[in-house]
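> kindly generate the corresponding structure for this input.
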Amino acid sequence: MSKLIVIALGGNALLRAGEKGTITEQERNAYETCLNLLPLIKAGHNIVITHGNGPQVGNILLQNQAGAKLYGIPEMPLDVCGAYSQGFIGYIIEQQLRNVLETNGIEKDVLTLITEVLVDKNDPAFQNPTKPIGPYYTKEEAEKIMQETGSIFKEDPKGRGWRKVVASPKPLKIGNRKSIEKLAREGNIVIAVGGGGIPVYFREDGKLEGIDAVIDKDLASALLATQIHADQLIILTDVPKVYLNFNKPNQKALDVLTIEEAQKYLEEGHFASGSMGPKVQACINFILNGGEKAIITETTQVNNPEAGTVFVKK
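Modelled structure (predicted):
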């Protein structure tokens, strides 16, 4: 039976550890990732793909800075840089997925949608920005930029310098969600909510405007899955399952988690906020809002019924 599935690609879908991030590397990695999705497509499932943008948007910010410093080109704000990254990452995934489909004699349209995601400007996250973005600066450089722009910088815990930090607000509404659902249910493959989506808010005059923030891509993917009434959410990462006591001698793989168990482990601090925590929370959110099943697994294991941690209601 055909399912509507949202698949959230991890950062290693395009860029692997130790790579420079050349277009050749990213295209090769995207092609390999898309090959792993082929069995789901052949089985007749309708697919919506989401993705991260961390390394890519960081590079865009560096290019922004260099262009302004060397040539006086006006720097673009973070929301615009996020849109840049959605466009070019979507292009890479779309092209390589088309190559996989063509090679296997499958005719499907693949569409990349630049996706805005509504947030609340009064979200508490804006009072305590924690998400580091962009290049590292010296303390003196950071202080100068803070005085000139009002941005907030924090020192890197590993001593690499100072970086700008922005809020990571809760996503509230996915832009064009009805069109995304319609296109996907008609058999098209849709790429959306790249990098968690472009954060926007309504001004007092009722007009939309971008805001300096980064939305967690797994939480945004879960919200998208809920708002398009998807049957399943699959979050792909670089480990085959969720673990308790990860990387410790008493590490334990989790095959199935009820929502009650997942919430208990999350509250006990088993899943780090900068890695597995948001993924587990995304699965909880999806199931609590009517989702049938959520899975966290490694990209190459997406078609292995024995792999992954499966989240269920009870």
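> could I get the buried residue list for the top helix by length along the chain?
Counting residues, the longest helix found in the chain (DSSP state H) is helix 78-103. The neighbour-count check on helix 78-103 (16 or more other CB atoms under 10 Å) flags 78-79, 81-86, 88-90, 92-94, 96-98, 100-101 as buried. C-beta: built from backbone N, CA, C; applies to glycine.
> cool, stretch 275-293 as well?
In terms of neighbour count (16+ other CB under 10 Å), stretch 275-293 has its buried residues at 276-287, 291, 293.
> which one of these is nearest Pro129?
Pro278 (16.4 Å; CB to CB).
> could you measure Lys131 against Pro199, distance?
Here Lys131 is placed at a distance of 11 Å from Pro199 (CB to CB, to the nearest Å).
> do Phe126 as well
From Phe126 over to Pro199 the distance is 10 Å, taken as CB to CB.
> over to Lys144?
Distance of Lys144 to Pro199, given as CB to CB: 26 Å.
> what's the longest helix of the chain packed up against?
Counting by 3 or more CB pairs under 8 Å, 6 or more residues apart in numbering; DSSP states H and E, the packing neighbours recorded for helix 78-103 are helix 23-42, strand 46-51, helix 54-71, strand 110-112, strand 189-191, strand 198-202, strand 208-210.
> what does stretch 306-314 contact?
With contact meaning CB atoms under 8 Å, 6 or more residues apart in numbering, stretch 306-314 is reached by 240-242, 253-260, 262, 283-284, 286-288, 293-298, 301-302.
> report the backbone C-alpha coordinates of stretch 198-212 in CSV.
Extracted in CSV, the C-alpha atoms of stretch 198-212 (Å, rounded to 0.1, in the frame of the first residue of the first chain):
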residue,chain,number,x,y,z
ILE,A,198,13.6,30.1,5.8
PRO,A,199,12.4,31.7,9.1
VAL,A,200,9.8,34.4,8.6
TYR,A,201,7.4,36.3,10.8
PHE,A,202,4.4,38.6,10.4
ARG,A,203,5.2,42.3,11.2
GLU,A,204,2.7,44.4,12.9
ASP,A,205,1.5,45.7,9.5
GLY,A,206,0.7,42.1,8.5
LYS,A,207,3.6,41.7,6.1
LEU,A,208,5.9,38.8,6.1
GLU,A,209,9.6,39.4,6.7
GLY,A,210,12.7,37.2,7.2
ILE,A,211,14.5,37.1,10.5
ASP,A,212,18.0,36.1,11.6
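> I'd like the distance from the lowest-mean-pLDDT helix or strand in the chain to the chain centre, please.
Here the helix or strand of the chain ranked lowest by mean pLDDT, DSSP states H and E is strand 131-137, holding a mean of 87. Here the centre of strand 131-137 is set off from its chain's centre by 18 Å, with CA atoms, centre = their mean, to the nearest Å.
> now stretch 239-254
With CA atoms, centre = their mean, you get 23 Å for stretch 239-254.
> start to end distance for it?
End-to-end distance for stretch 239-254, by CA to CA, to the nearest Å: 12 Å.
> pLDDT (mean, whole number) over that stretch?
Computed over stretch 239-254, the mean pLDDT rounds to 94.
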